[in-house]
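Colleague: sharing a model prediction with you, sequence too.
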Amino acid sequence: MEAAHAHEDSHDHAPPSGIVRYLTTTNHKDIGSMYLWFSFTMFLVGGIMALTIRSELFQPGLQLVRPEFFNTMTTLHGLIMVFGAIMPAFVGFANWQIPLMIGAPDMAFPRMNNWSFWLLPPAGMLLIGSLFAPGGGPGAGWTMYAPLTVQQGMGMDLTIFAIHILGMSSIMGSINIVTTILNMRAPGMTLMKMPLFVWTWLITAYLLIAVMPVLAGAVTMTLTDRHFGTHFFNPAGGGDPVMFQHIFWFFGHPEVYIIAIPAFGVVSQVFPAFARKPLFGYASMVYATSSIAILSFLVWAHHMYTVGMPVEAQLYYMFATMLIAVPTGVKVFNWVATIWKGSLTFETPMLFALGFLFLFTLGGFTGLVLSVVPIDVQLHDTYYVVAHFHYVMVAGALFSAFSGVYFWLPKWIGKMYDEKLGKIHFWTSIIFFNVAFFPQHFLGLAGMPRRIPDYSLQFADFNMVSTIGAFGFGISQVFFLYILLKAIKSGEKAPQNPWDGADTLEWTHLPSPAPYHSFEEAPQVK
Amino acid sequence: MKVSFIKAILTTVLAAVPCFALAAWNMDFQAGSTVLANDIRDLHVIVMIICVVIFIGVFGFMFYAIFKHRKSVGHKASNFHENTTVEIIWTVIPFFILAGMAWPATETLLAMRDTSAPDMTIKATGYQWLWGYEYLDEDIQFYSTLTTPKGQIEGTEKKTENYLLEVDNPVVVPVGKKVRVLTTANDVLHAWYVPALAVKQDAVPGFIRDTWFKAEKTGVFRGQCAELCGKQHGFMPIVVKVVTQEEYDNWVVSQKKKVSNSELSVENIFVAGTD
């Protein structure tokens, strides 16, 4: 095996060294790694912003930042975490894993792949650079509701441009993923034999292609309202501010699943591997994921229950939203049935996957609570919503990403992470996450609005607890960086397949680390 | 009935945990002062009960598997997968649970959105960053701004009880009357939100939206703007003072006098200066 690969490598041009390698690379592994490092960097930047927010909210009163800067922090924290951290992280997984899991030598469009990635750093710089623009960064919230956006300084224009660039990157990345999956599967790998992670990305890529142009349209209209005298969202000129919300959430709701569905994919690989038992209902998982994707286009206005829609519209959106609980339930039941009567071990990837299952389901419950219009009227735009989406995004998507990193790291770098440190990372993350976000449910129930830099005294206690949790969570993630660097520098050598139950192609056919060029000859899948 | 019984049990259980018993750790909605607010709370309890039951079911299986089906206790993996009957059951049952939930939700929603036949109408206009009120039947209008001193916000003075939730001119309404609130805004989006009255309605510039409440008891109810509206978003509270009909009538008279007084304001200043 080793000899064969040495032989293979000798045919290749060695990649150029240093920065040039990364600037010019068309290799899916290099690009995947760059995506992951970029997203981790943005994750830390967004995390610093989150801690700025939490520090200001530690006590009532204005202590650290001015209200306008506070608004900038909430806005950029949201945009950076969604577009800079979570989405690129899963595209990184897609780049590394899809070719390995379907037995393809690389992505279908390697040069476009390079461009997709290299669009991200300029977009990230625009977002962070907007802080230094005259008038400060954007302070209209990550949802960028009109007409507040018209009042913003130049930072808003930089943000709009950043979103255009990020959208282009996502669309190109998605086209690449769809083409790769549909055309480059190894002989014998029918669609219904693909690993579930690949399925989830196929569905996600279609969602991205469908909705990123919608977002681009929304921010372009904002741009022309700001500078070119249009009145899309200006009532004085016959426009409608609420139309922005409809357009934004037509993008925004599928976006939620763009983040969640690849996370479902990762844990659907991890559970069978550590339960040593196949996924309970592969076909029903595929169908459930597809139904979630389709339903996600039909429920957007549940983010807008208080804008004053006709009651018939509210009823429709309430019923449609509740309906999403059915396929989501199918997925949760499937995961539980997968570990049921397995032979479980609890390495770090499994711990994070179980943490995902537990907390994502809690986020699902609060989602169900919020789907009920009368209850949502009380909770809309309060901290309850903040708690809800952090359970889904952080404990859902982020924990799943951690699970995936620990799971595939041996294949990527050929070395093992320190299991003990990984477990510490898991336990500190899950405990501090709950300390930070669980009390926010109570704040929301008691009526604390979100996006306020200062609050009345009744909210003081839980805010203090939440801030303490947030700092603990933040420090845990710096510790994660240490675990990664330690593994890269001095991790033990990883065997080809360190996990008993992992049976996809990257584990069965490739050594660890996966060679720079893999599957030059397609494997035969039975 | 059933709901309040279960609520009583939950409250007792929670109160048994010392830190939860402290008043400051409020873990529920603010005490409602309208029928709708209480309906919403009951609805929330129903949904929470459904969630708790599912939670116990799903995670009962999960934790049982985590403790009993682990390799370290020598459990061997079975190899079962795909079972159409089970899969149909766990698709269909949630569907019926949801339908059961949707029924009371729809009833409450229909009641909530019925703004017909109000006893009085108030127009609330959001400005950056204060509220303007107009009593459409009484020809009264005024602005309502935050009165918390800057020193309390900056930390040079001690914060008082209603920190950030106090205004110069509260909205005054009579108890037991259906009050329709029209919302709109002058500049950007705002939202008129008073938790105890179970009212939250976005105020959209250029458009009029409406909502309503009928306070069951007198008292002062406090809320805040709930839609991000710029830098002072956190500093434009709403205070609604619910009073008896008699007090309300007196207030209306005094407000009207205020309006006519303000027309004589130059003279007032002159008189004040001679004292």
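Modeller: In hand now; what should we look at?
Colleague: report the contact partners of B:Gly223.
Modeller: B:Gly223 is in contact with A:447, B:165, B:192-197, B:199, B:237-240, counting by CB atoms under 8 Å, 6 or more residues apart in numbering or on different chains. In this view, the C-beta of every residue, glycine as well, is placed from N, C-alpha and C.
Colleague: try it again with 6 Å
Modeller: B:193-195, B:238 (CB atoms under 6 Å, 6 or more residues apart in numbering or on different chains).
Colleague: near chain A, from the residues you listed?
Modeller: With the criterion set as CB under 6 Å from any CB of the partner chain, the members of the contacts of B:Gly223 near chain A are B:Pro195.
Colleague: and which of the contacts of B:Gly223 is nearest B:Phe67?
Modeller: B:Pro195 (41.5 Å; CB to CB).
Colleague: so how far is A:Thr24 from the closest one?
Modeller: 58 Å (CB to CB, to the nearest Å).
Colleague: now the helices for the stretch 101-250 of chain B?
Modeller: With DSSP state H, counting those that start in this stretch as the criterion, the stretch 101-250 of chain B has helices at B:150-154, B:245-263.
Colleague: now those as CSV including mean pLDDT and distance to A:Phe389?
Modeller: As requested, the helices of the stretch 101-250 of chain B are exported to CSV (pLDDT from 0 to 100; distance: least, CB to CB, whole Å):
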stretch, mean pLDDT, distance to A:Phe389
helix B:150-154, 93, 29
helix B:245-263, 83, 42
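Colleague: need the ones you listed in CSV with mean neighbour count, can you?
Modeller: CSV is the format used below for the helices of the stretch 101-250 of chain B (neighbours: other CB atoms under 10 Å in any protein chain shown):
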stretch, mean neighbour count
helix B:150-154, 14
helix B:245-263, 12
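Colleague: can you put these in JSON lines and add distance to chain A?
Modeller: Shown next, in JSON lines, are the helices of the stretch 101-250 of chain B (distance: least, CB to the nearest CB, whole Å):
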{"stretch": "helix B:150-154", "distance to chain A": "6"}
{"stretch": "helix B:245-263", "distance to chain A": "25"}
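Colleague: how about residue 41, nearest residue that isn't a chain neighbour?
Modeller: Reading this off chain A. Among residues not flanking A:Thr41 along the chain, A:Gly124 sits closest, at 8.0 Å (CB to CB, 6 or more residues apart in numbering or on different chains).
Colleague: ah, no, chain B please
Modeller: B:Phe29 (5.2 Å).
Colleague: from B:Leu36, how far off is the one you found?
Modeller: Taken as CB to CB, the span from B:Phe29 to B:Leu36 is 12 Å.
Colleague: same question, A:Met192
Modeller: For A:Met192, the distance to B:Leu36 equals 50 Å [CB to CB].
Colleague: those two: which is more packed in?
Modeller: Legend: neighbour count by other CB atoms under 10 Å in any protein chain shown for A:Met192 and B:Leu36, higher for B:Leu36 (20 against 9).
Colleague: coming back round to it: so B:Pro195 and A:Thr24 - more neighbours on which side?
Modeller: Taking neighbours as other CB under 10 Å, B:Pro195 and A:Thr24 compare with B:Pro195 leading, 26 against 14.
Colleague: is that one in contact with B:Gln30, as I believe?
Modeller: Yes - using CB atoms under 6 Å, B:Pro195 is in contact with B:Gln30, at 4.5 Å.
Colleague: what comes up buried for the helix or strand A:Val45 falls within?
Modeller: Using DSSP states H and E, A:Val45 sits within helix A:28-56. Across helix A:28-56, burial judged by 16 or more other CB atoms under 10 Å in any protein chain shown covers A:28-36, A:38-47, A:49-56.
Colleague: now do the contacts for A:Gly239.
Modeller: Shown in contact with A:Gly239 (CB under 6 Å, 6+ apart): A:231-233.
Colleague: quick check, it in a strand?
Modeller: No - according to DSSP: H, G, I helix; E, B strand; the rest coil, A:Gly239 belongs to no strand; its state is coil.
Colleague: nearest residue to A:Phe248 other than its sequence neighbours?
Modeller: Nearest residue to A:Phe248 in three dimensions, chain neighbours excluded: A:Ala218, at 5.2 Å (CB to CB, 6+ apart).
Colleague: per-residue confidence for the residue in the stretch 151-275 of chain B positioned nearest to chain A?
Modeller: Chain A sits closest to B:Gly206 of the stretch 151-275 of chain B, with a gap of 2.2 Å, by CB to the nearest CB. Per-residue pLDDT puts B:Gly206 at 95.
Colleague: and it, how far is that from B:Asp187?
Modeller: Counting by CB to CB, the gap from B:Gly206 to B:Asp187 is 10 Å.
Colleague: check A:Thr366 too.
Modeller: A:Thr366 sits 33 Å away from B:Asp187, going by CB to CB.
Colleague: okay, those two: which has more neighbours?
Modeller: Per other CB under 10 Å, whichever of A:Thr366 and B:Asp187 has more neighbours is A:Thr366, with 22 against 17.
Colleague: name the SS class of that one, please.
Modeller: Assigned by three-state DSSP, the conformation of A:Thr366 is helix.
Colleague: stretch A:65-74 and chain B, are they touching?
Modeller: Yes - counting by CB under 6 Å from any CB, chain B is contacted by stretch A:65-74 at A:67-68.
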